[in-house]
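In: task: produce atomic coordinates for the following.
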Amino acid sequence: MKTDETEDLAWIKSIMKQELDLRPPSLARFGKNSTIIRNESGKPTGHLTLSNRWQGYEINSLFVDPAHRGEGISHTLLREIKQNRVFCYTRDSRLQSALVRAGFTRAKFPGFVAVMNLIPTRTTMFAWMLLTLDFKRIFHQIKHLSKYKLYMKIKTK
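Out: Got it, this is the predicted structure:
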């Protein structure tokens with residue numbers, strides 16, 4: 001891994017550690033479906049990672065550094081998405097607003113195939129949080145489970 005990628009991953013993990021709605025920092029990855037937005041000095045300010053869920057892509061992390069919120073970075077990240085079918089579960093009202101402005105709509109169901117992919121991935125993530133004793137994150141996510149809303153965007157060709 002290059003130095004920039006190592007530094008980016010450290011930054012991603014530091015934000016994930018603070019934000020309990022996100023996946024555990026130990027599961028943070030930076031790959032081909034990841035995007036980083038940087039400020040003028042080259043420091044990361046926003047991050048997006050998509051995961052292929054067979055029936056579209058899930059935004060599995062999208063966040064902006066707290067010092068740079070309100071600068072339109074989430075909107076820039078959402079414009080970077082090129083996939084035709086994308087969905088996102090979130091309870092964050094700022095992200096919900098950004099998703100709606102980017103053409104996403106509230107939905108009830110991401111599709112049968114996507115759910116068949118989500119079940120094992122979420123079960124594995126929960127097991128990982130148990131294994132790593134990340135009880136604070138587990139309790140936080142369970143407590144707020146009913147507040148997570150699904151947003152979808154399907155681009156027509």
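
In: helix or strand: which one has the spatially most central residue of the chain?
Out: When Cα atoms, centre = their mean is applied to the chain, the residue found nearest the centroid is residue 61 (1.4 Å). For residue 61, the host element (DSSP states H and E) is strand 57-64.

In: show residues contacting stretch 141-153.
Out: 20-21, 56, 81, 85-91, 96, 99-100, 102-110 (Cβ atoms under 8 Å, 6 or more residues apart in numbering). In short, each C-beta sits where N, CA and C put it, glycine included.

In: buried stuff in stretch 102-116?
Out: Neighbour-count burial for stretch 102-116 flags 102, 104, 110, 111, 114 (criterion: 16 or more other Cβ atoms under 10 Å).

In: could you do stretch 35-44 as well?
Out: For stretch 35-44, by 16+ other Cβ under 10 Å, it's 35, 36, 37, 44.

In: let's see which of these end up in strands.
Out: Residues of the buried residues of stretch 35-44 located in strands (DSSP state E): 35, 36, 37, 44.

In: list the contacts of the third one.
Out: Put plainly, it is residue 37. Contacts for residue 37 (Cβ under 8 Å, 6+ apart) come out as 44, 45, 46, 47, 73, 76, 77.

In: show the pLDDT at it.
Out: Looking at residue 37, its pLDDT reads 93.

In: so which residues of the protein form helices?
Out: Remark: helices assigned in the chain by DSSP state H are 3-18, 73-79, 93-101, 112-131, 135-143.

In: looking at those, which has the lowest confidence?
Out: helix 3-18 (a mean of 88).

In: list the buried residues of that helix.
Out: Neighbour-count burial for helix 3-18, with 16+ other Cβ under 10 Å as criterion, is recorded at 8, 9, 11, 12, 15, 16.
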